[in-house]
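Chemist: model this:
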Amino acid sequence: MQTLHDNTTSTVTAKKTIQNKIKALDVQRKSLELESGAITDELLAPTYGDDGDVGAPIGIHTPLVDSEGYPRGDIDVYRARHLRHRLSVIQVDYRELMKEMERELSRLSAFSVGNRSCGGVVLDESKARMEKKPKPKFDKKTGKWVVMNWDGSVAGVPGGERRLFHNLEGASDDTASADEEQMKGMTERMSLTERGEGFKKEEEEEVVLYPFASVESVASGSPAEVGGLRVGDLIVRFGSANMSNNRNLKSIAELVPQAAADNQGIDVIVIRPNEKQIITPCELRLEKGVTCKIYPCPWNGRGLLGCHIIPYHHHS
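Modeler: Purely as a prediction, here's the structure:
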């Protein structure tokens, strides 16, 4: 039965991972669709001359030169080429994204209610329910007698689905130990506050922050602008990403779509130097940082943030 529980736990974890990935991919899909729609609207919208006359739209596939071979004078040709190129890139990215979603949905469909599969292991729930169950155990944590569910979890007590029947006492002891440790920490912090010492210990510790990325541009009305990011901001922390673990900004690229899928905000700490200030790799204390709260989401512009973040290299 322990093997059955381990297999079930592995299956549930794998299924949850796939579901989270599909949610993140779906957010990216919506973002691409919104941006594509905004570009298409601009390309197909009528143009207006300086005298107020209504002209032909830029168009998606129409020539950008007139009948004599000269660039059209009624439109911004550079802007037109930029929009068309971006639309082409979106269409390619959209096709690849939809293929990836199909693959993940196919993997998810393998997890049926009565016959779940994961890594070649097939779990038949009905068969597991028919197997002989172990005798009830007394749960010291709740003071009740409990029995085992078909998947190896605990039945009859709140939160039993997160506990192992075969490791009942160990889970109880671990939980109690964690609760006691948490309560001890809370008591110590409350005692410090009551004596007026506050966060003296934290103040004595030097929190050193180093910028690892900079904000090159921020689009008007974007989630980044709404959240408070500005051009020139030096990022020292982006959610869980910092100088030591950002993997050349890959951590940000992974964090943003998942946060958007879960409707979660991201805490971003930045250094906001003035024009005359030169940031050197000297120690930077936490209180010098500005914290922004950004909620990535699809909008009418590019990406889920609406800003361009590039790696930051320290100047000697």
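Chemist: so which strand or helix has Asp151?
Modeler: In the assignment (DSSP states H and E), Asp151 maps to no helix and no strand.
Chemist: Tally up the residues packed near it, please.
Modeler: Residues lying near Asp151 (other Cβ atoms under 10 Å) number 19. C-beta coordinates here come from the backbone N, C-alpha and C atoms, glycine included.
Chemist: now Ser67
Modeler: 6.
Chemist: Use 10 as the first number for this chain going forward.
Modeler: Renumbered: residue one is now 10, and that last one reads Ser76.
Chemist: Can you tell me the SS state at it?
Modeler: The local conformation at Ser76, judged by DSSP: H, G, I helix; E, B strand; the rest coil, is coil.
Chemist: what residues are up against it?
Modeler: For Ser76, no residue meets the contact criterion (Cβ atoms under 8 Å, 6 or more residues apart in numbering).
Chemist: Report the separation between the residue in the chain sticking out farthest from the centre and Arg93.
Modeler: No residue in the chain sits farther from the centre than Glu77, which is 51.1 Å out by Cα atoms, centre = their mean. Distance, Glu77 to Arg93, by Cβ to Cβ, to the nearest Å: 22 Å.
Chemist: same thing with Ala23?
Modeler: According to Cβ to Cβ, Ala23 stands 42 Å off from Arg93.
Chemist: same question, Glu225
Modeler: Distance from Glu225 to Arg93, by Cβ to Cβ: 23 Å.
Chemist: Which one of those two is surrounded by more residues?
Modeler: Ranked by neighbour count (other Cβ under 10 Å), Glu225 and Arg93 place Arg93 first, with 17 against 12.
Chemist: In terms of helices and strands, where is the more buried one?
Modeler: helix 86-118.
Chemist: on contacts alone, who are the packing partners of the longest helix along the chain?
Modeler: If you go by DSSP state H, the chain has its longest helix at helix 11-53. Using 3 or more Cβ pairs under 8 Å, 6 or more residues apart in numbering; DSSP states H and E as the contact criterion, the elements in contact with helix 11-53 are helix 86-118, strand 124-127, strand 130-133, helix 259-270.
Chemist: can you list the weak-confidence ranges in the stretch 110-259 of the chain?
Modeler: 120-139, 178-217 (pLDDT under 70).
Chemist: quick one, strands of it?
Modeler: Counting by DSSP state E, counting those that start in this stretch, one finds strands in the stretch 110-259 of the chain at the ranges 124-127, 130-133, 146-148, 153-157, 163-164, 222-227, 243-247.
Chemist: which one of those strands is the most hemmed in?
Modeler: By mean neighbour count, with neighbours taken as mean count of other Cβ atoms under 10 Å, strand 243-247 ranks first of those at a mean of 23.
Chemist: Check the offset of it from the chain's centre.
Modeler: With Cα atoms, centre = their mean, to the nearest Å as the basis, strand 243-247 stands 16 Å off its chain's centre.
Chemist: Return the most buried member of the helices and strands packed on helix 11-53.
Modeler: Among those, highest average neighbours (mean count of other Cβ under 10 Å) belong to helix 259-270, with a mean of 18.
Chemist: what is the orientation angle of it with helix 11-53?
Modeler: Compare the direction of helix 259-270 with that of helix 11-53 by axes from the mean of the first three to the mean of the last three Cα atoms, to 10 degrees and you get 90 degrees.
Chemist: ok, back up a step: now the longest helix of the chain and strand 153-157, what's the angle there?
Modeler: If you take the same axes, to 10 degrees, helix 11-53 sits at 80 degrees to strand 153-157.
Chemist: Who does the helix or strand just after helix 11-53 pair with, and is each partner parallel or antiparallel?
Modeler: Proceeding N to C from helix 11-53, the next assigned helix or strand is strand 56-57, under DSSP H and E. Sheet partners assigned to strand 56-57 using DSSP bridges are listed as strand 63-64 (antiparallel).
Chemist: Now do the strand it pairs with: distance to the chain's middle.
Modeler: That offset, for strand 63-64, works out to 44 Å (Cα atoms, centre = their mean).
Chemist: now what about that strand, what contacts it?
Modeler: Residues from elsewhere that reach strand 63-64 (Cβ under 8 Å, 6+ apart): Pro55, Thr56, Tyr57, Gly58, Asp83, Ile84.
Chemist: Please report the distance of the second one from Tyr87.
Modeler: Summarising the geometry, the distance separating Thr56 from Tyr87, computed by Cβ to Cβ, is 15 Å.
Chemist: Ala33 reaches Ala262, doesn't it?
Modeler: No. Counting by Cβ atoms under 8 Å, Ala33 sits too far from Ala262 to count as a contact (11.0 Å).
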